[in-house]
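[1] Kindly generate the corresponding structure for this input.
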Amino acid sequence: MLLVFTESTQFHGGNGHLPIYRQQDFFAGSGWTPARSTLLNLLVASAPVIRPLAEHFERAADYDSLRPDSWKEAHPEAVRT
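    The predicted structure follows:
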């Protein structure tokens, strides 16, 4: 759980990333104050696992299907003019 929180807030924290010192403050509010080096070590240690997973998702994603016009092109009969 700690690794998921650290990874997700560092890189996908909604309005931007959550710096390590803020993550440290977050955990301190729960009664545990990890060293910044501990949080950074978690990020570094997870890179060999996360990178191939991210590359897989990138290859598997059909970016054309995310384009607003792609559905219209595939289903011209459903588009009102």
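[2] Skip the chain neighbours and tell me the closest residue to residue 21.
    In this structure, residue 21 finds its nearest non-sequential neighbour in residue 36, 6.5 Å apart by CB to CB, 6 or more residues apart in numbering. C-beta here means a position set from N, CA and C on the backbone, and glycine is covered the same way.
[3] now the helices for this protein?
    2-11, 20-28, 36-60, 68-74 (DSSP state H).
[4] Pull up the gap between residue 30 and residue 49, please.
    According to CB to CB, to the nearest Å, residue 30 stands 25 Å off from residue 49.
[5] Of the two, which one has the most company?
    Neighbour count, other CB atoms under 10 Å: between residue 30 and residue 49, residue 49 has more, with 11 against 7.
[6] Distance check, that one against residue 20.
    Taken as CB to CB, the span from residue 49 to residue 20 is 19 Å.
[7] what about the residue nearest to residue 21, how many residues close to it?
    The local packing of residue 36 (other CB under 10 Å) involves 13 other residues.
[8] All set, thanks.
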